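S.K.: From the sequence below, what's the structure:
(chains A and B)
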Amino acid sequence: MTYKGYEMVIGLETHVELKTDTKIFCSCPTSFGAEPNTHVCPVCMGYPGTLPVLNGKVVEYAVKAGMATNCTIARYSKEDRKNYFYPDLPKAYQISQYDLPLCEHGWLDIESETGTKRIGITRIHIEEDAGKLVHDDEYGTLIDCNRCGVPLIEIVSEPDMRSAEEAVAYLRKLRAIILYTGVSDCKMQEGSLRCDVNLSVRKIGETRFGTRTEMKNLNSFQFIAKAIEYEFKRQVDAVEKGETIIQETRRFDSVTGKTSAMRSKEDANDYRYFPDPDLPPIIMSEAELARLQGQIPALPDQRKREYVEKYGISSYNGEMLTGQVEIADYFEAGAKLTKHPKVLGNLIISEIFRLLPQDSADIPISAANMAKIADMYGEGLINSGTAKKLVNRLWEQDADPAEIVEREGLGQINDREKLAAVVAEVIAKNPKSVEDFRKGKLQAVKALMGQVMGRTGGRGNPALIQEILDAELAKLR
Amino acid sequence: MSEITKLTVRELARAMEAGQLTSEEITAGYLKSIEQNDEKVNGYITVTADMALAAARAADKARRDGEKAPLLGVPAAIKDNICTKGLKTTCASKMLWNFVPPYDATVMEKLSAQGVPVLGKANMDEFAMGSSTENSAFKITRNPRNLDRVPGGSSGGSAAVVAADEAPFALGSDTGGSIRQPAAFCGVVGMKPTYGRVSRYGLVAFASSLDQIGPLTKTVEDNALVLNAIAGYDSHDATSVNNEYPDFTSGIGKGVKGMKIALLKQSFGDGISGEVKSSVLNAARVFEGLGAEIVELSMPSLEKALPAYYVISSAEASSNLARFDGVRYGYRSENYSDITELYENSRSEGFGPEVKRRIMLGTFALSSGYYDAYYKKALQMRTIIMEEYRHIFESCDIILSPVAPTVAYKIGEKSQNPLEMYLGDIYTVPVNIGGIPSLSLPCGSDADGLPIGMQLMGRHFDEATLYRAGAAFEAEKGAYHLERGAF
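M.R.: Sure, this is the predicted structure:
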């Protein structure tokens, strides 16, 4: 996307909560939604004298995420302290990784307007989450430490994205890959996937980067896209007015759709990173790496390639179907049962996705019944409107769609003579529309088409009706 | 009964085993000694008489039930930076004046499993920063050998209460000499174990890569007995080392014949008092007389250990002490209107000047633009020092050196001059930088009768050899404290 001759440059920092049973440095549970300050102990509360001991599962999960995104895994890495004061950070430092992250130099492919695009992944490192501040009218600001010490990976991309669509495609792809590896549930609503957007602008053709701003903790794909579009225009307009972009952190207001400054680089902390002396270095053996590599399942791109080759599904639709492992499994189960897997794929994308809430893959219709709808539609036994109605009905209560079609006579009317009769009737009864058509209003055809479909109880074969209607109208011209 | 407090840990344990004494009698005896003497010594911040007596009675009952742990019923003093569940742990700081830990340090769990009653929490320099215990926010501990003198620090309270017969043994912590130097000043025995030998879980951190907990006792054998009880791997401390450890008393009585003991040229240079120097060199002759071989070696980087130590320890401290912010526990200023003021005022009012000095120093050393010049360079120096130690221990079993350049100085004499105070750590800090074990024990006294200490340093995890040599010296020359008694 360009604006006034400028393009945007986007890099993303994504925080993903790992779904280990226990926290990164103690044995408190990580589960979401508990009563405040019940999943805590002296270690995650940062009590004097306590020490962190690294949860080995955290390393395993992070390495898996790195392997699934084509990263080089460090044989030797370490943990560092990031020092700053904030009430949600009990030790006044966060244990993170500074100069020797666990994973580096990875990439993933996205489908963009111009085809497949490769986005670089600079690094993935492990760190602990902070607590949560709860602002209460009566008591003031309260601290919930349940989240203190929940393991996170931070995934830093290269500044390779040039539009909101690409940024969202990257995030969707990243989310899909992480979900496949099973190391996180990536629920944006619960904050287990959070994203910071770094954005700068430059004149098209310029190779140097402009000054970037950072937008923090955007918690839906929609907000990310909106924030990017707003911030892009804001920066371009500012540059055009001769203003200087300040390196700063900005907040996105989802109500106004605008971003505003939170704090500038000048106020930024000097985090005084240094190696955490409480934690020995992390050493990965070749045997351990081989073991973890063996646990990486077939990833979205691999399954997507299969769909393209085997079923003739477009690359773009393949990307959609493989976004969640449960959806891909569902599609594959149904594809085995239908003669029209491509139709099934389209039905899932157009009808099922319409009904699924965000972050969910819980489909109440069995794959077998969806396969039957695909078969009937693919064979021309029902039309698209009926297919949609069937999905809506089965979503409420799953049943055999073929029986419903049979019992309720929902089969498509493919009888040319029958349809021609209806067309003739509609033309006769709608002289106004015919007149409009003569005057060149193409809208009129759609109105007539709707009339015909209505008189067939929504069951007419739309292609056939269109053909007959076009022929009849041509005669009247 | 009055003799109870003269006995060693070993003797107390034997007397209880033989049914001659009970833990309750012993504990009551020590509590009486505390009552009589601690007004002068000021070694304790908190005395826990009722808890100690209850634990003593429980120990006596356990013994009747057949329990036989080596330290069962022997009471102890604990430095006030080691967390004790339900018992105030202040680090001698206003910042933690009211802090009651919700958990026990691993060493406390171990002592408690052995049935050790806790007499109280010993005074120290605030957050273990200092060499004289004058930096305590609460009181100044006096040296029982001469009440006008400092007991050393930072474990000055721990050393003083053992020297004053107010505890048969004490736990201290040693980051740059904080067990060994007060042991030397007070004429008792102190061990800084190998880094990783004793769990640090529950020790309020000063400098995480240097801190170790260790025992202070009247004799070398007692010291080995206590280390037996507190050493070992702990799954709560990732820096504790998972290896088998021997009975630390096993070498005692076997002598030093054939041992190679090194004297480092750099340990007897400028700044050392003549009496300390000759006393330590005399000790070398004693070892020689006992059949050890004395060799003179050079350790070129030894003098670089002191600046490296002050950079590393202050850097780590600046981060470790950041959690004391007035939000969750400890001291909170009454004067604030927002979170920044709460932090600033709580820390400004809660920390003493030496702690602030180290936090400032460490914060500076880690700051962007200075990290490479200070912290990184100090780490490089640490690698060199470790390498030089490794090289020396290829050909020697023990390095013998003074503990401090002087005997205990007068209270107030150095407290206004931090740099001079830091220089007093010159012989002790290299040990922490190298992570090696070191045993501090008395080797004589000066003309005024003040004790002089020597330290025996050894290979990583070779504390047993140090105890063996220390016990041989003690057998030859007598245990300083037992010879002289308290005061």
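S.K.: what distance separates the helix or strand that contains A:Lys432 from the centre of its chain?
M.R.: Element membership of A:Lys432 [criterion: DSSP states H and E] is helix A:431-438. Computed by Cα atoms, centre = their mean, to the nearest Å, the separation of helix A:431-438 from the middle of its chain amounts to 46 Å.
S.K.: repeat for stretch B:180-193
M.R.: Taking the mean of its C-alpha atoms, stretch B:180-193 sits 7 Å from the chain's own mean (Cα atoms, centre = their mean).
S.K.: Can you check what angle separates the next helix or strand after the helix holding A:Lys432 from helix A:431-438?
M.R.: In the C-terminal direction, the helix or strand that comes right after helix A:431-438 (DSSP H and E) is helix A:443-455. Comparing the axes of helix A:443-455 and helix A:431-438 via axes from the mean of the first three to the mean of the last three Cα atoms, to 10 degrees yields an angle of 140 degrees.
S.K.: which secondary structure elements does helix A:443-455 contact?
M.R.: Other helices and strands packing on helix A:443-455, by 3 or more Cβ pairs under 8 Å, 6 or more residues apart in numbering or on different chains; DSSP states H and E, are helix A:416-429, helix A:431-438, helix A:462-476. For every residue, glycine as well, the C-beta is placed using N, CA and C.
S.K.: do that again at 6 Å, thanks
M.R.: helix A:416-429, helix A:431-438 (3 or more Cβ pairs under 6 Å, 6 or more residues apart in numbering or on different chains; DSSP states H and E).
S.K.: now those in JSON lines, with mean neighbour count?
M.R.: Converted to JSON lines, these look like this (neighbours: other Cβ atoms under 10 Å in any protein chain shown):
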{"stretch": "helix A:416-429", "mean neighbour count": "16"}
{"stretch": "helix A:431-438", "mean neighbour count": "15"}
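S.K.: Quick check: closest non-adjacent residue to the residue of the stretch 301-450 of chain A found nearest chain B.
M.R.: Scanning the stretch 301-450 of chain A for the residue nearest chain B gives A:Asp359, at 33.8 Å (criterion: Cβ to the nearest Cβ). Nearest non-adjacent residue to A:Asp359, counting by Cβ to Cβ, 6 or more residues apart in numbering or on different chains: A:Lys187, 5.1 Å away.
S.K.: Does A:Gly120 belong to a helix, a strand or coil?
M.R.: strand (DSSP: H, G, I helix; E, B strand; the rest coil).
S.K.: Kindly report the same for B:Leu456.
M.R.: strand.
S.K.: neighbours around B:Pro246, how many?
M.R.: Look at B:Pro246: counted by other Cβ atoms under 10 Å in any protein chain shown, it has 13 neighbours.
S.K.: Can you verify my assumption that it contacts B:Ala464?
M.R.: Yes: between B:Pro246 and B:Ala464 there is a contact under Cβ atoms under 6 Å: 5.3 Å.
S.K.: Tell me who's in contact with the residue sitting nearest the centre point of chain B.
M.R.: Chain B has B:Ile179 as the residue nearest its centroid, 2.1 Å off, counting by Cα atoms, centre = their mean. If you count contacts by Cβ atoms under 6 Å, 6 or more residues apart in numbering or on different chains, B:Ile179 has them with B:Ser155, B:Gly172, B:Gly190, B:Lys192, B:Gly214.
S.K.: Kindly report the same for A:Asp436.
M.R.: A:Asp436 neighbours (Cβ under 6 Å, 6+ apart): A:Ala444.
S.K.: do the same with A:Phe252
M.R.: Applying Cβ under 6 Å, 6+ apart, one finds that A:Phe252 lies in contact with A:Met215, A:Leu218, A:Ala227, A:Thr259.
S.K.: So the first one, which state does it fall into?
M.R.: When classified by three-state DSSP, A:Met215 comes out as strand.
S.K.: hmm, back to that, near chain A, list only the ones from the contacts of B:Ile179.
M.R.: By Cβ under 6 Å from any Cβ of the partner chain, no member of those lies near chain A.
S.K.: On the three-state scheme, A:Gln358 is what?
M.R.: Going by three-state DSSP: A:Gln358 is coil.
S.K.: And it, how far from A:Phe221?
M.R.: According to Cβ to Cβ, to the nearest Å, A:Gln358 stands 8 Å off from A:Phe221.
S.K.: Name the residue in those two with the higher neighbour count.
M.R.: The neighbour comparison of A:Gln358 against A:Phe221 (other Cβ under 10 Å) goes to A:Phe221, with 18 against 10.
S.K.: ok, that one touching A:Tyr170?
M.R.: No: taking Cβ under 6 Å as the definition, A:Phe221 is not a contact partner of A:Tyr170, at 10.7 Å.
S.K.: before we move on, back to that, so which of the contacts of B:Ile179 is the closest to chain A?
M.R.: Closest approach to chain A among the contacts of B:Ile179 (Cβ to the nearest Cβ): B:Gly172, at 15.0 Å.
S.K.: Pairing partners for that closest one in the sheet, please.
M.R.: On the basis of DSSP bridges, B:Gly172 is bridged to B:Gly214.
S.K.: where does the residue of chain B most remote from its centre land on pLDDT?
M.R.: Here chain B has its C-alpha centre computed as a mean, and the residue farthest from that point, by Cα atoms, centre = their mean, is B:Ser337 with 41.0 Å. B:Ser337 carries a pLDDT value of 95.
S.K.: what about the helices in the stretch 251-400 of chain A?
M.R.: A:286-293, A:300-311, A:315-321, A:325-335, A:341-347, A:353-355, A:367-378, A:384-396 (DSSP state H, counting those that start in this stretch).
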